[in-house]
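[1] sequence unknown, structure follows:
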(Lines give C-alpha, C1' and ligand atoms only; values in the text may rest on other atoms or scores of the structure.)
Protein backbone atom coordinates (compact mmCIF):
# COMPACT_ATOMS: atom_id res chain seq x y z
CA UNK A 1 0.00 0.00 0.00
CA UNK A 2 1.29 3.46 -0.90
CA UNK A 3 2.30 5.80 1.91
CA UNK A 4 -0.08 8.60 2.79
CA UNK A 5 0.68 12.33 2.66
CA UNK A 6 -1.60 14.80 4.41
CA UNK A 7 -2.08 18.30 2.98
CA UNK A 8 -3.74 21.36 4.54
CA UNK A 9 -3.66 25.02 3.53
CA UNK A 10 -3.29 26.21 7.12
CA UNK A 11 -0.78 28.82 5.91
CA UNK A 12 -3.83 30.83 4.77
CA UNK A 13 -5.10 31.00 8.36
CA UNK A 14 -4.13 33.79 10.74
CA UNK A 15 -3.34 31.29 13.46
CA UNK A 16 -1.68 28.01 12.47
CA UNK A 17 -2.55 24.94 14.54
CA UNK A 18 0.30 22.91 15.99
CA UNK A 19 2.09 20.84 14.96
CA UNK A 20 2.53 22.58 11.63
CA UNK A 21 4.94 22.35 8.68
CA UNK A 22 8.11 24.38 8.46
CA UNK A 23 7.33 27.07 5.89
CA UNK A 24 9.69 28.79 3.46
CA UNK A 25 8.41 31.62 1.27
CA UNK A 26 9.59 32.43 -2.26
CA UNK A 27 8.37 35.72 -3.75
CA UNK A 28 8.34 35.96 -7.56
CA UNK A 29 8.21 39.01 -9.81
CA UNK A 30 4.43 39.15 -10.13
CA UNK A 31 1.83 41.19 -8.22
CA UNK A 32 1.81 40.07 -4.59
CA UNK A 33 -1.23 38.13 -3.39
CA UNK A 34 -3.20 40.10 -0.82
CA UNK A 35 -2.29 37.55 1.88
CA UNK A 36 1.50 37.85 1.36
CA UNK A 37 2.03 39.47 4.81
CA UNK A 38 0.38 36.42 6.37
CA UNK A 39 2.65 34.03 4.45
CA UNK A 40 5.64 36.15 5.48
CA UNK A 41 4.68 35.87 9.14
CA UNK A 42 4.36 32.08 8.96
CA UNK A 43 7.65 31.52 7.08
CA UNK A 44 10.98 30.77 8.71
CA UNK A 45 12.90 31.62 5.52
CA UNK A 46 11.99 34.31 2.96
CA UNK A 47 13.63 34.40 -0.46
CA UNK A 48 12.97 36.89 -3.25
CA UNK A 49 13.53 35.60 -6.77
CA UNK A 50 15.27 38.50 -8.52
CA UNK A 51 12.58 41.12 -9.26
CA UNK A 52 10.45 39.68 -6.47
CA UNK A 53 12.47 42.02 -4.25
CA UNK A 54 11.00 44.97 -6.15
CA UNK A 55 7.52 43.63 -5.38
CA UNK A 56 8.23 43.38 -1.66
CA UNK A 57 9.73 46.88 -1.61
CA UNK A 58 6.98 48.51 -3.70
CA UNK A 59 3.81 46.55 -2.98
CA UNK A 60 3.90 45.55 0.69
CA UNK A 61 3.28 49.19 1.69
CA UNK A 62 0.19 49.08 -0.54
CA UNK A 63 -1.05 45.91 1.17
CA UNK A 64 -0.46 47.47 4.60
CA UNK A 65 -1.42 51.12 3.94
CA UNK A 66 -1.83 52.08 7.60
CA UNK A 67 1.76 51.23 8.52
CA UNK A 68 4.77 53.52 8.45
CA UNK A 69 6.58 52.75 5.18
CA UNK A 70 10.22 52.93 6.44
CA UNK A 71 9.36 50.79 9.48
CA UNK A 72 7.50 48.30 7.29
CA UNK A 73 10.42 47.97 4.85
CA UNK A 74 12.82 47.45 7.73
CA UNK A 75 10.58 44.72 9.15
CA UNK A 76 9.84 42.90 5.89
CA UNK A 77 13.43 42.20 4.90
CA UNK A 78 14.08 39.12 2.74
CA UNK A 79 16.74 36.74 3.97
CA UNK A 80 18.02 36.12 0.44
CA UNK A 81 17.66 37.59 -3.04
CA UNK A 82 18.65 35.07 -5.71
CA UNK A 83 18.37 35.05 -9.50
CA UNK A 84 19.76 36.41 -12.72
CA UNK A 85 19.77 39.94 -11.27
CA UNK A 86 18.30 41.27 -14.51
CA UNK A 87 15.05 42.48 -12.89
CA UNK A 88 15.80 43.69 -9.38
CA UNK A 89 16.40 47.45 -9.30
CA UNK A 90 19.83 48.53 -8.10
CA UNK A 91 18.46 50.77 -5.36
CA UNK A 92 16.30 47.93 -4.06
CA UNK A 93 19.21 45.51 -4.06
CA UNK A 94 21.41 48.07 -2.29
CA UNK A 95 18.69 48.81 0.28
CA UNK A 96 18.31 45.19 1.31
CA UNK A 97 22.04 44.42 1.10
CA UNK A 98 22.71 47.19 3.63
CA UNK A 99 20.13 45.57 5.92
CA UNK A 100 21.92 42.21 5.78
CA UNK A 101 20.03 40.41 3.02
CA UNK A 102 22.22 37.85 1.28
CA UNK A 103 22.52 38.54 -2.47
CA UNK A 104 23.17 35.44 -4.61
CA UNK A 105 23.94 36.24 -8.24
CA UNK A 106 23.11 33.19 -10.38
CA UNK A 107 23.38 34.91 -13.77
CA UNK A 108 25.88 32.26 -14.92
CA UNK A 109 23.03 29.70 -15.05
CA UNK A 110 20.70 30.44 -17.97
CA UNK A 111 19.19 26.94 -18.16
CA UNK A 112 16.90 27.22 -15.13
CA UNK A 113 14.28 29.73 -13.99
CA UNK A 114 14.67 32.01 -10.99
CA UNK A 115 12.14 29.88 -9.10
CA UNK A 116 14.18 26.76 -9.84
CA UNK A 117 17.29 28.51 -8.53
CA UNK A 118 15.51 29.46 -5.31
CA UNK A 119 14.11 25.98 -4.70
CA UNK A 120 17.54 24.46 -5.35
CA UNK A 121 19.03 26.90 -2.85
CA UNK A 122 16.51 25.86 -0.20
CA UNK A 123 17.23 22.20 -0.94
CA UNK A 124 21.03 22.42 -0.99
CA UNK A 125 22.14 25.43 1.05
CA UNK A 126 19.95 25.69 4.14
CA UNK A 127 21.29 23.07 6.58
CA UNK A 128 19.50 24.64 9.55
CA UNK A 129 16.06 24.46 7.97
CA UNK A 130 14.01 21.45 9.00
CA UNK A 131 13.32 19.80 5.65
CA UNK A 132 11.52 16.62 6.70
CA UNK A 133 8.37 18.67 7.30
CA UNK A 134 9.12 21.53 4.89
CA UNK A 135 6.49 23.25 2.74
CA UNK A 136 7.61 25.92 0.26
CA UNK A 137 5.06 28.63 -0.53
CA UNK A 138 5.52 30.50 -3.81
CA UNK A 139 3.80 33.90 -3.99
CA UNK A 140 3.01 35.36 -7.39
CA UNK A 141 3.50 32.04 -9.19
CA UNK A 142 0.38 32.28 -11.35
CA UNK A 143 -0.84 34.99 -13.70
CA UNK A 144 1.22 37.00 -16.14
CA UNK A 145 2.98 35.26 -19.01
CA UNK A 146 1.84 31.73 -19.74
CA UNK A 147 5.37 30.43 -20.34
CA UNK A 148 6.31 31.64 -16.84
CA UNK A 149 3.33 29.81 -15.37
CA UNK A 150 4.28 26.61 -17.17
CA UNK A 151 7.88 27.05 -16.04
CA UNK A 152 6.67 27.28 -12.44
CA UNK A 153 4.56 24.14 -12.84
CA UNK A 154 7.60 22.42 -14.33
CA UNK A 155 9.49 23.22 -11.12
CA UNK A 156 6.84 21.22 -9.20
CA UNK A 157 7.70 18.23 -11.37
CA UNK A 158 11.47 18.72 -11.21
CA UNK A 159 11.36 18.84 -7.41
CA UNK A 160 8.58 16.28 -7.01
CA UNK A 161 9.90 15.01 -3.66
CA UNK A 162 9.53 18.48 -2.12
CA UNK A 163 6.23 19.97 -1.03
CA UNK A 164 5.76 23.19 -3.05
CA UNK A 165 2.57 25.27 -3.31
CA UNK A 166 2.11 27.83 -6.10
CA UNK A 167 -0.12 30.71 -5.03
CA UNK A 168 -2.03 33.59 -6.57
CA UNK A 169 -4.88 35.73 -5.29
CA UNK A 170 -7.35 33.30 -6.88
CA UNK A 171 -6.05 29.77 -6.39
CA UNK A 172 -3.26 27.44 -5.40
CA UNK A 173 -1.61 24.56 -7.26
CA UNK A 174 0.46 21.71 -5.89
CA UNK A 175 1.73 18.37 -7.15
CA UNK A 176 0.27 15.10 -5.87
CA UNK A 177 2.96 12.49 -6.69
CA UNK A 178 1.76 9.08 -7.76
CA UNK A 179 4.08 7.50 -5.18
CA UNK A 180 1.66 8.36 -2.35
CA UNK A 181 -1.99 8.38 -1.40
CA UNK A 182 -3.11 11.91 -0.59
CA UNK A 183 -5.43 13.19 2.12
CA UNK A 184 -6.36 16.86 1.68
CA UNK A 185 -7.95 18.66 4.62
CA UNK A 186 -10.02 21.55 3.29
CA UNK A 187 -9.83 24.90 5.09
CA UNK A 188 -13.36 25.90 4.10
CA UNK A 189 -13.12 29.38 5.61
CA UNK A 190 -10.39 30.38 3.15
CA UNK A 191 -10.49 27.97 0.19
CA UNK A 192 -12.89 26.22 -2.15
CA UNK A 193 -15.35 25.14 -3.20
CA UNK A 194 -14.05 24.93 -6.80
CA UNK A 195 -11.20 22.51 -7.41
CA UNK A 196 -9.57 20.38 -10.09
CA UNK A 197 -7.29 17.40 -10.67
CA UNK A 198 -5.11 17.46 -13.77
CA UNK A 199 -2.73 14.72 -14.96
CA UNK A 200 0.77 16.08 -15.58
CA UNK A 201 3.62 14.44 -17.48
CA UNK A 202 1.57 11.46 -18.63
CA UNK A 203 -2.06 10.32 -18.78
CA UNK A 204 -3.65 8.86 -15.67
CA UNK A 205 -4.90 5.34 -16.29
CA UNK A 206 -6.74 5.24 -12.97
CA UNK A 207 -7.59 7.97 -10.46
CA UNK A 208 -9.90 7.48 -7.48
CA UNK A 209 -11.16 10.21 -5.15
CA UNK A 210 -13.53 10.73 -2.24
CA UNK A 211 -15.08 13.92 -0.91
CA UNK A 212 -15.81 15.63 -4.25
CA UNK A 213 -19.15 16.37 -5.88
CA UNK A 214 -18.01 14.41 -8.95
CA UNK A 215 -15.72 11.71 -7.60
CA UNK A 216 -13.43 9.70 -9.82
CA UNK A 217 -13.58 5.91 -9.54
CA UNK A 218 -10.66 4.31 -11.33
CA UNK A 219 -11.15 7.02 -13.95
CA UNK A 220 -8.81 7.60 -16.87
CA UNK A 221 -7.73 11.21 -17.44
CA UNK A 222 -5.64 12.67 -20.24
CA UNK A 223 -5.25 15.82 -22.28
CA UNK A 224 -7.50 15.42 -25.28
CA UNK A 225 -9.90 13.47 -23.09
CA UNK A 226 -11.35 13.87 -19.60
CA UNK A 227 -9.72 16.04 -16.95
CA UNK A 228 -11.41 17.00 -13.68
CA UNK A 229 -12.03 20.74 -13.87
CA UNK A 230 -14.71 22.81 -12.11
CA UNK A 231 -15.20 20.08 -9.53
CA UNK A 232 -16.57 20.96 -6.10
CA UNK A 233 -15.34 19.97 -2.64
CA UNK A 234 -18.21 18.47 -0.65
CA UNK A 235 -16.42 17.20 2.45
CA UNK A 236 -13.74 18.52 4.80
CA UNK A 237 -11.41 15.67 3.82
CA UNK A 238 -10.59 14.77 0.21
CA UNK A 239 -8.66 11.63 -0.71
CA UNK A 240 -6.82 11.10 -3.99
CA UNK A 241 -5.01 8.06 -5.34
CA UNK A 242 -3.66 7.85 -8.88
CA UNK A 243 -1.21 5.93 -11.04
CA UNK A 244 0.20 9.20 -12.39
CA UNK A 245 1.28 12.51 -10.94
CA UNK A 246 -1.60 14.97 -10.65
CA UNK A 247 -1.91 18.69 -10.12
CA UNK A 248 -4.35 19.62 -7.38
CA UNK A 249 -5.85 23.10 -7.61
CA UNK A 250 -8.42 24.80 -5.42
CA UNK A 251 -9.87 28.30 -5.41
CA UNK A 252 -8.95 30.79 -2.68
CA UNK A 253 -11.83 32.80 -1.26
CA UNK A 254 -11.94 36.58 -1.41
CA UNK A 255 -12.20 38.27 2.00
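    Thanks, I have the structure now. Predicted model only: the values in this text are computed from it and were never measured.
[2] for the protein, which strand is longest?
    strand 191-199 (DSSP state E).
[3] List the buried residues in that one.
    Buried residues in strand 191-199, defined by neighbour count with 16 or more other CB atoms under 10 Å: 191, 192, 195, 196, 197, 198, 199. For glycine as for every other residue, the C-beta is placed from the backbone atoms N, C-alpha and C.
[4] Now do the fourth one against residue 249, distance only.
    In this case it means residue 196. 5 Å (CB to CB, to the nearest Å).
[5] do the second one as well
    The gap separating residue 192 from residue 249 is 11 Å, by CB to CB.
[6] who does the longest strand of the chain touch, helix- and strand-wise?
    Here strand 191-199 is seen to pack against strand 204-210, strand 219-221, strand 228-232, strand 237-242, strand 246-252 when contacts are counted using 3 or more CB pairs under 8 Å, 6 or more residues apart in numbering; DSSP states H and E.
[7] What lies in contact with the third one?
    Think strand 228-232. Residues from elsewhere that reach strand 228-232 (CB atoms under 8 Å, 6 or more residues apart in numbering): 192-198, 207, 209, 212-214, 216, 219, 221.
[8] Next, the angle from that strand to strand 246-252.
    Angle, strand 228-232 to strand 246-252, by axes from the mean of the first three to the mean of the last three CA atoms, to 10 degrees: 40 degrees.
[9] My guess is residue 103 contacts residue 95. True?
    No. At 11.3 Å, residue 103 does not count as touching residue 95 under the criterion of CB atoms under 8 Å.
[10] start to end distance for stretch 46-54?
    Using CA to CA, to the nearest Å, the end-to-end distance of stretch 46-54 comes out at 14 Å.
[11] Contacts for it next, please.
    Contacts of stretch 46-54 (CB under 8 Å, 6+ apart): 24-29, 40, 55-56, 78-89, 92-93, 96, 114-115, 117-118, 121-122, 139-140.
[12] Take these and keep only those in helices.
    40, 55, 56, 92, 93, 96, 114, 115, 117, 118, 121, 122 (DSSP state H).
[13] Which of those residues sits closest to residue 131?
    Among the ones in helices among the contacts of stretch 46-54, residue 122 lies closest to residue 131 (CB to CB), at 8.2 Å.
[14] Apart from its neighbours in sequence, what residue is nearest that closest one?
    Spatial nearest neighbour of residue 122, excluding adjacent residues (CB to CB, 6 or more residues apart in numbering): residue 24 at 5.5 Å.
[15] you'd agree that neighbour is up against residue 39?
    No. Using CB under 8 Å, residue 24 is not in contact with residue 39; the gap is 10.1 Å.
[16] List the residues that are in contact with both of these two.
    Common neighbours of residue 24 and residue 39 (CB under 8 Å, 6+ apart) are residue 137.
[17] More neighbours: these two, which one.
    Shown here are residue 24 and residue 39; by other CB atoms under 10 Å, residue 24 has more neighbours (26 against 22).
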